[in-house]
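> Pasting a predicted model and its sequence here:
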Amino acid sequence: MFSQLTGMLDRLGGRLAKILNLIGGIALVALIPAFAWLVFGRYVLNETPTWVEQLSLILIVLITFPVAAACIRDNSHLSVSFFRDALPPKAAAVMALISYAAMVVFGYYMFIGGYDLVVFNWAKKMPIIHIPDGMRSIPMMVCGAGIAFYSVVHILKILSGWNTIAQSRFYSDELLDKDTE
């Protein structure tokens, strides 16, 4: 039952990660023609389109935050696991549990901080493009929620795969992916 719940959450997380990566990809693709128009306007038309700067600020946070949350799920985020990997499997799994628990706390506070920024800045309008300034902080909220969610899923995967960890020669996050497929 516990491993079925973990597998279901992991599959849901996989679908959400695809959506988060899609958002980041679309924002990256949109950023390229926006800057092309900026360069064309500045150097060919001799009239700089000022809205590109404000749009690019939104696109950058749409690239950065959702993709960072998706990287937590895939374990492709920046991490230093040299010391953890040198430990015996059970000790390494406990270290991973501790680090994921810390990431749950970090994600929670990132979500709360993003929410506070959205609420605080919603009444203000961004110059030139006239949309609520709180829009810039929504991706940070999503990232915080994603970090917390994916870290909880990793914790559940470690707990449900404890027997596999105990029988292996070394600990690896990929070791647990076999249990939830």
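All right, it came through fine.
> CA atoms for contacts and neighbours, from now on please.
OK.
> Find the residue at the geometric middle of this structure.
Of all residues in the chain, the one closest to the mean position by Cα atoms, centre = their mean is residue 69, 0.9 Å from it.
> Correct me if wrong: that residue contacts residue 141.
No - judged on Cα atoms under 8 Å, residue 69 makes no contact with residue 141 at a distance of 10.4 Å.
> How far off centre is stretch 136-151?
Here stretch 136-151 is found 6 Å from its chain centre; the criterion is Cα atoms, centre = their mean, to the nearest Å.
> ok, which stretches of this protein are helices?
Taking DSSP state H as the criterion, the chain contains helices spanning 2-43, 51-74, 82-86, 89-121, 138-160, 162-167.
> from these, which stretch is densest packed?
Per-stretch averages of neighbours, counted by mean count of other Cα atoms under 10 Å, single out helix 138-160 among those, with a mean of 24.
> Helix 51-74 and that one, what's the angle between them?
For helix 138-160 against helix 51-74, the angle by axes from the mean of the first three to the mean of the last three Cα atoms, to 10 degrees is 10 degrees.
> Okay, now the unreliable bits of the protein?
Applying pLDDT under 70 to the chain flags the ranges 176-181.
> Repeat the analysis, applying 80 as the threshold.
Applying pLDDT under 80 to the chain flags residues 1, 77-82, 85, 166-167, 169-181.
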